[in-house]
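Peer 1: Here is a sequence together with a model predicted from it:
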2 protein chains.
Amino acid sequence: MKKFYIAKSRRLRSTPYTNRIENQGVTAYTIYNHMLLPASFGNLEKEYFHLKEHVQIWDVAAERQVQITGKDSSKLVQLMTCRNLSKAKVGRCYYAPIIDEEGGTLNDPVALKLAEDKWWLSLADSDIGLYAKGIASGLGLQVEITEPDINILAVQGPKSFKLMEKVLGKKITELKFFGFDYYTFKGNKFLIARSGWSKQGGFEVYVENREAGQMLYDELFLIGKEFNVEPGCPNLIERIESALLSAGNDFDNEDNPYECGFDKYIDVESDINYLGKKALIRISKEGINKKLMGVLIDIDKIEVTESVSLYNNNNVVGDLRSATYSPNLKKVVGIAMIKKQYWDKTIAIELKINGKSSKGRLCDLPIV
Amino acid sequence: MKKFYIAKSRRLRSTPYTNRIENQGVTAYTIYNHMLLPASFGNLEKEYFHLKEHVQIWDVAAERQVQITGKDSSKLVQLMTCRNLSKAKVGRCYYAPIIDEEGGTLNDPVALKLAEDKWWLSLADSDIGLYAKGIASGLGLQVEITEPDINILAVQGPKSFKLMEKVLGKKITELKFFGFDYYTFKGNKFLIARSGWSKQGGFEVYVENREAGQMLYDELFLIGKEFNVEPGCPNLIERIESALLSAGNDFDNEDNPYECGFDKYIDVESDINYLGKKALIRISKEGINKKLMGVLIDIDKIEVTESVSLYNNNNVVGDLRSATYSPNLKKVVGIAMIKKQYWDKTIAIELKINGKSSKGRLCDLPIV
């Protein structure tokens, strides 16, 4: 595949860590919420094996926050998501699909409840702040909606626990999955959640002070030497194997949350009020005709830059949306939207890339 | 400056013309509305001189459309913009800044009125469709909001008129600036506006059928040979000299439309209803304390990837937001947000890039 440069500009925002990761050898970026998100340090497979064994520090500042404060903040957050947040607790993270009135999935942020009247939506790649502003203006809600200058550092991988304990002390080991709390390091307070865009375990540090974040970044590498720390980024191989969906890649607003497999985050039973509830009630009764599934293909490389049709005997089975070679499974792994009549997984699938035909099969998600 | 690759994926959408421009030598992309927008074919200065003398075909499919139809469509469009569209005519384009309730500038689309109940907002880089959906849901408006699969081809440069006349006949020469109409070529109908992201003259073809667009693309190159046609893209040098502002680069939602110089597109006098009107009335009375101005700097290269502070005797004058070397003026030209006390243009400015100090001065916009 030909490679192309990214034309940097102020609009594709740099992060407080950009200089550091460029000195450390980042080679490719994607753009996420109008910001640079590192995509590779030159060897995706090496980074994959390292992530699964050691610990990495990631510049994921592009996971921007929509901050919603004020009297009506909980009402507004609930209006945007099909997940029932009526019993949400301060100090907890909630994976909360954002949907529109037609039931289309607009984003899949992690919602952090910071106080009864203060929320952060830690976004995937779309301007949900504008959606929130529109709803709030239309309904005359008493809220303030901002994008605070929060720049997340993720610490991911099995050794992240030992590294963070060494940096922050025993207390961090008590943090439960999808919990968050405040920790002090060298006089600076950090909100830290046990979360992250890998299934290898770890933390996300919500950095509210740029200089403190840069100091922490450097210290994590210094202290992390004994844990074989490396710079990294969300890893395409790991995230596909683990089925950590990527909004815009694996689904978009043409797909409803049932089709994305978000069933357990959808409440159509209780009396909570959210946009799109009518649509989701209808869909829950009618059922869905497509859903996301895993795909295994017997080839040793692929680059998916747009939907790729999957066939069975010349019939379209669905479309492949993300895929990469897994050095673990020794084949290409992918995520695809599959039509209902092919969900049984027994069928053979075929796809054409650059005129060349390849064979594979469907599987469940997560793949590994 | 180090260069970095772009990590392509389905989320960074390709266009119907991506294969073509890659065969024609595109070297760099930016991302705009979650889509690939070509940024260079390898020689910005050569492309600049060519654009000013001949004709170029641009893949600007990333200028996505928000389509708003239905009984309340005009009401919703007006709610989002400070420009008075109450007398807007079908067949005309309107540069229409989109603002939020605080008066911040969210986008600066061209609004096309297609019918009394049908509008397109041809967007700069932010998800205004989500803003529209939020407002519509909040107010219960009778509208349908979609992103139709429209992929614009721009034909820009002084010879664009002769090329388009040869392709479409005499009728296209009667199209007035910022007017649009429908034209047929080889059995396909195209909506064409006399507009574009350069000041060199030209057209934007709103392609509604992918295959027809690809056919037109190829024909424009075939027929355009005698006019020395080349592939191109919005040119950083030309757009800065011409002060064609770039949302996210030159302004963002921290800047109100007065500060952006959009005064003639702001109506605080009549009784039209839009979000942020109260804020703009207040600002119109209080006046503004910063505004966009041109900058000339006595150096021969620059790459602006984030705001760069401008100084006068160690006092901050403002911040540089876009800049590039102009082979025409033999110095760097830029667009900066300047504090009120420095608007008189007589002062010397200074800036530091990579620790090196450079001198320059302020000027009016457009620069050329």
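Peer 2: Arrived safely.

Peer 1: On the strand side of things, show who A:Glu230 bridges to.
Peer 2: Beta bridges link A:Glu230 to A:Gln56 when assigned by DSSP bridges.

Peer 1: Now for it, how many residues are close by?
Peer 2: 19 (other C-beta atoms under 10 Å in any protein chain shown). In short, each C-beta sits where N, CA and C put it, glycine included.

Peer 1: right, and it touches A:Trp58 too?
Peer 2: No - the pair A:Glu230 / A:Trp58 is not scored as a contact, 10.2 Å apart, by C-beta atoms under 8 Å.

Peer 1: Find the nearest non-adjacent residue to the residue in the stretch 201-350 of chain A that chain B sits nearest to, please.
Peer 2: Closest to chain B within the stretch 201-350 of chain A is A:Gly248: 3.4 Å, counting by C-beta to the nearest C-beta. Nearest residue to A:Gly248, sequence neighbours excluded (C-beta to C-beta, 6 or more residues apart in numbering or on different chains): B:Arg11, at 3.4 Å.

Peer 1: For that neighbour, give me its contacts.
Peer 2: Going by C-beta atoms under 8 Å, 6 or more residues apart in numbering or on different chains, B:Arg11 touches A:Thr30, A:Asp125, A:Ser246, A:Ala247, A:Gly248, A:Asn249, B:His34.

Peer 1: and with 7 Å instead?
Peer 2: Shown in contact with B:Arg11 (C-beta atoms under 7 Å, 6 or more residues apart in numbering or on different chains): A:Asp125, A:Ser246, A:Gly248, A:Asn249, B:His34.

Peer 1: And the last one, how close does it get to A:Asp252?
Peer 2: When distance is defined by C-beta to C-beta, to the nearest Å, B:His34 is 9 Å away from A:Asp252.

Peer 1: does the longest helix along chain A come close to chain B?
Peer 2: Looking across chain A with DSSP state H, the single longest helix is helix A:210-224. No - shown here: helix A:210-224 not in contact with chain B (C-beta under 7 Å from any C-beta of the partner chain), separated by at least 12.0 Å.

Peer 1: Next up, phi/psi of the closest residue to chain B within the stretch 51-200 of chain A, please.
Peer 2: For the stretch 51-200 of chain A, the residue closest to chain B is A:Gly138, as judged by C-beta to the nearest C-beta, at 1.8 Å. When read as degrees, to the nearest 10, the backbone of A:Gly138 gives phi -60, psi -40.

Peer 1: and it, what pLDDT?
Peer 2: On the pLDDT scale, A:Gly138 is placed at 98.

Peer 1: what number of residues lie near the residue lying closest to it once chain neighbours are set aside?
Peer 2: Spatially, and ignoring its direct neighbours in sequence, A:Gly138 is nearest to B:Gly138 (1.8 Å; C-beta to C-beta, 6+ apart). Neighbours of B:Gly138 under the rule other C-beta under 10 Å: 20.

Peer 1: which residues sit in contact with B:Gly138?
Peer 2: A:Gly134, A:Ile135, A:Ser137, A:Gly138, A:Leu139.

Peer 1: what's the spacing between the closest residue to the last one other than its chain neighbours and A:Asp319?
Peer 2: Spatial nearest neighbour of A:Leu139, chain neighbours left out: B:Gly138 (4.2 Å); criterion: C-beta to C-beta, 6+ apart. Counting by C-beta to C-beta, the gap between B:Gly138 and A:Asp319 amounts to 34 Å.

Peer 1: Repeat that for A:Gln214.
Peer 2: 42 Å.

Peer 1: Then A:Pro16?
Peer 2: Taken as C-beta to C-beta, the span from A:Pro16 to A:Asp319 is 38 Å.

Peer 1: go on, A:Gly157?
Peer 2: From A:Gly157 to A:Asp319 the distance is 32 Å (C-beta to C-beta).

Peer 1: So for these two, which residue has more residues nearby?
Peer 2: Between A:Gly157 and A:Asp319, counting by other C-beta under 10 Å, A:Gly157 is the more crowded of the two (28 against 18).
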